[in-house]
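Asks: give me a 3D structure for the following:
(2 chains)
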Amino acid sequence: KNEVEQSPQNLTAQEGEFITINCSYSVGISALHWLQQHPGGGIVSLFMLSSGKKKHGRLIATINIQEKHSSLHITASHPRDSAVYICAVRPFMVVNKFYFGSGTKLNVKP
Amino acid sequence: EAQVTQNPRYLITVTGKKLTVTCSQNMNHEYMSWYRQDPGLGLRQIYYSMNVEVTDKGDVPEGYKVSRKEKRNFPLILESPSPNQTSLYFCASGSFRDTEAFFGQGTRLTVV
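Replies: The predicted model follows:
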């Protein structure tokens, strides 16, 4: 059973397109993270959300706690955005682990 | 700068040769954890630590050991590596006071 589901698994876009990646989860959470993993392998935390919406440059992350759903949007996508994006949730009252989505592989073509 | 530092970034070794992957954080975080990432399986927790001298098994602990003698360091030890431990390994740390989390850059291990 997967506590976190992401869609789509793979996404190809043209440079400049608006991109949305979705994450649904089935457990109560204290926080949700959006992570970025470039082909070199390192993981960077883009956002941590417990409610509402956050924006950083061209990236916007939203979360709806009642619906147990989060979205990551990329406006004016660029080839350097090509990476794997991973949704991770920290379960409520469980401090020792995250549940991870399987990731969305994004390829932005010039 | 707040960060989690893993070493080495890349390692190729032979079956049975003991190795240690180091993880260090500079944020005074109580919680640290090791994950491995494999194609089709995603990220799976190996071991975690809630504080100094407090460690526990995650989902896939077989073949691994850890120690937490100091708050900042959480090394992952493979006493006798085998090819099925070829993977990408990540260390993570976090605080119980808030829900922020930081990840290391990853260690790509190949066991031949």
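
Asks: what's near enough to touch A:Trp34?
Replies: A:23, A:45-47, A:49, A:61, A:70, A:72, A:85-88 (C-beta atoms under 8 Å, 6 or more residues apart in numbering or on different chains). All C-beta atoms are positioned from the backbone trio N, CA, C, and that covers glycine.

Asks: how about B:His29?
Replies: Residues near B:His29 by C-beta under 8 Å, 6+ apart: B:71, B:93-95, B:102.

Asks: any low-confidence regions in chain A?
Replies: Residue ranges of chain A with pLDDT under 70: A:1.

Asks: close to chain B: what parts of it are there?
Replies: Proximity of chain A to chain B (C-beta under 8 Å from any C-beta of the partner chain) is limited to residues A:30-31, A:33, A:35, A:41-45, A:48, A:50, A:86, A:88, A:90, A:95-98, A:100-103.

Asks: and the buried ones among these, selectable in ChimeraX?
Replies: Those of the residues of chain A next to chain B that count as buried under 16 or more other C-beta atoms under 10 Å in any protein chain shown are selected in ChimeraX with:
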select /A:31,33,35,41,42,43,45,48,86,88,90,95,97,98,100,101,102,103
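
Asks: strands - which of the residues of chain A next to chain B land there?
Replies: Those of those mapping onto strands are A:30-31, A:33, A:35, A:43-45, A:48, A:86, A:88, A:90, A:100, per DSSP state E.

Asks: would you turn those into CSV with distance to B:Arg9?
Replies: Listed next are those as CSV, based on distance: C-beta to C-beta, whole Å:
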residue, distance to B:Arg9
A:Ser30, 31
A:Ala31, 28
A:His33, 22
A:Leu35, 18
A:Ile43, 13
A:Val44, 15
A:Ser45, 19
A:Met48, 25
A:Ile86, 19
A:Ala88, 22
A:Arg90, 26
A:Phe100, 21
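
Asks: and the furthest pair within the residues you listed?
Replies: Using C-beta to C-beta, those span at most 20.8 Å, a distance reached by A:Ser30 and A:Val44.

Asks: which residues does A:Asn22 bridge with?
Replies: Residues in a beta bridge with A:Asn22, per DSSP bridges, are A:Ser7, A:Ser71.

Asks: I'd say it and A:His69 touch.
Replies: Yes - using C-beta atoms under 8 Å, A:Asn22 makes contact with A:His69 at a distance of 7.0 Å.

Asks: mind putting the contacts of B:His29 in a markdown table, distance to B:Ser24 and neighbour count included?
Replies: Shown next, in a markdown table, are the contacts of B:His29 (distance: C-beta to C-beta, whole Å; neighbours: other C-beta atoms under 10 Å in any protein chain shown):
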| residue | distance to B:Ser24 | neighbour count |
| --- | --- | --- |
| B:Lys71 | 10 | 16 |
| B:Ser93 | 9 | 27 |
| B:Gly94 | 15 | 24 |
| B:Ser95 | 16 | 15 |
| B:Phe102 | 11 | 20 |
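
Asks: lowest-confidence member of those, which is it?
Replies: Across those, the smallest pLDDT goes to B:Ser95, namely 81.
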